[in-house]
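*Asks:* next one to model:
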Amino acid sequence: MKKYLKLALASVFFFSMTAMAQGPQGGFGGGMRQQPPKERAEAMAKDLSLTDAEKAKVQEVFEKNDEKMTKFRTEVSRDSPDFREKFQALRDAQNADLIAVIGKEKFETYQKLQAERRQRMMNNN
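*Replies:* The predicted model follows:
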């Protein structure tokens, strides 16, 4: 009897440790935390050498977009047939706002940096 109890306890311990080792699942972002608008604006300012005025406007764009995205996530199901189109429209609007603030040249540099970061993330996983 003690043998079975020890085996059962070892099994529970093993499976609980395996479950704890796995990261958060599902949802928007797949468990990855998105930085707050202020941190994203500061990172962009550092990467692109933005002025303080540009940095403040970029932060406003990110804050406005975060509000829209939060509303979007509560109103639109991921299974909705037009989810991708609506999501892309929000991204396009944010990109247009960023171009208006920092200019097309800096925005293209920003996109290249983002692509490089995504590539590094994929290579690390």
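
*Asks:* any idea where the helices of the protein begin and end?
*Replies:* If DSSP state H is used as the criterion, the helices of the chain fall at 2-21, 37-48, 52-75, 83-102, 104-124.

*Asks:* check the offset of the longest one from the chain's centre.
*Replies:* The chain centroid and the centroid of helix 52-75 are separated by 13 Å under CA atoms, centre = their mean, to the nearest Å.

*Asks:* repeat for stretch 112-125
*Replies:* When distances are taken as CA atoms, centre = their mean, stretch 112-125 is centred 13 Å away from the chain's centroid.

*Asks:* and if you look at stretch 103-119?
*Replies:* Average the C-alpha atoms of stretch 103-119, do the same for its chain, and the two points are 16 Å apart (CA atoms, centre = their mean).

*Asks:* okay, stretch 107-117 in CSV with CA atoms only?
*Replies:* Only the C-alpha atoms of stretch 107-117 are listed here, as CSV (Å, rounded to 0.1, in the frame of the first residue of the first chain):
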residue,chain,number,x,y,z
PHE,A,107,9.0,55.1,-39.6
GLU,A,108,10.7,52.8,-42.2
THR,A,109,13.7,52.6,-39.9
TYR,A,110,11.3,51.7,-37.1
GLN,A,111,9.7,48.9,-39.2
LYS,A,112,13.2,47.5,-40.0
LEU,A,113,14.1,47.4,-36.3
GLN,A,114,10.8,45.7,-35.5
ALA,A,115,11.4,43.1,-38.2
GLU,A,116,14.9,42.4,-36.8
ARG,A,117,13.5,42.0,-33.3
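
*Asks:* Asp66 and Lys104, how far apart?
*Replies:* 23 Å (CB to CB, to the nearest Å). Glycine gets a C-beta too; all of them are placed from N, C-alpha and C.

*Asks:* for those two, indicate the residue with more neighbours.
*Replies:* Shown here are Asp66 and Lys104; by other CB atoms under 10 Å, Asp66 has more neighbours (15 against 10).
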